[in-house]
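**Student:** sequence first, predicted coordinates after that:
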Amino acid sequence: MARLVFLGCVAYFVVGLGQLVVGAVMEPMVHAYGIHYGDGGQLVMNSFLGGMVGVLLAPWMIRRIGKKPLLLLALGIIVAGEAVYALQPPWGWMLSAAPFAGYGLGTMEAIVSAFIIGASAGNANVAMSRVEVFFGVGALLMPFAVAALIASGHWVAAFGVVGGMAIVTLVLWLLFWPSILDRPAVHQAHEANEAGQMPSR
């Protein structure tokens, strides 16, 4: 269980970064593209709508393709979306990439929370509180990181930071997939009740 919580913290850290990055670079992005702030708001809205679809479809997608493939797919979509942002393509491409980046973030947030709640039985509130802290850390650090990048004239690198962290997260989940997620949910709950604490893996 400890491994799952650790990986969940890493995933939520990336979600925190990804949820804030577009808003944090909004001012230099608007100037670079010669657009209005309302156009930037459309980018944020597209990302939000993609995230909402990801959250709503996550349970169905888990049943269709499984836990591990869906998580890795979500991370891959995040990496692809952030890579498109970092390349500074025409504005229409940015608007088209936003729902995919948002979908990846929303899906990962939904399924990681489902993993932890399902595996930790009666200790879900404790486990999720630890994971949520890292979402806050990511959301807190992103504006400071972006401020430094803007000051150095490399604001677009903020998207590369999120994409790079998503790659690291993908590799960690791929290499250290928690075996507890492969056990039946009923068995997980039975073990937790017998031990009187969260499962050890």
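**Tutor:** It's in. Numbers count the residues shown, from 1 in each chain.
**Student:** quick one: the helices in this structure?
**Tutor:** 2-24, 26-33, 37-65, 67-86, 91-120, 124-151, 157-175, 185-195 (DSSP state H).
**Student:** what comes up buried for stretch 165-173?
**Tutor:** By 16 or more other CB atoms under 10 Å, the buried positions in stretch 165-173 come out as 165, 166, 167, 169, 170, 172, 173. The C-beta positions use only the backbone N, C-alpha and C, and glycine is treated the same way.
**Student:** which residues does residue 155 contact?
**Tutor:** 25, 28, 29, 32, 146, 149 (CB atoms under 8 Å, 6 or more residues apart in numbering).
**Student:** one more time with 6 Å, if that's ok
**Tutor:** 25, 28, 149 (CB atoms under 6 Å, 6 or more residues apart in numbering).
**Student:** quick check: closest non-adjacent residue to it.
**Tutor:** residue 28 (4.3 Å; CB to CB, 6 or more residues apart in numbering).
**Student:** do you know how far that neighbour is from residue 12?
**Tutor:** 27 Å (CB to CB, to the nearest Å).
**Student:** next one: residue 136
**Tutor:** Distance, residue 136 to residue 12, by CB to CB: 9 Å.
**Student:** of those two, which one has the most company?
**Tutor:** residue 12 (27 against 12; other CB atoms under 10 Å).
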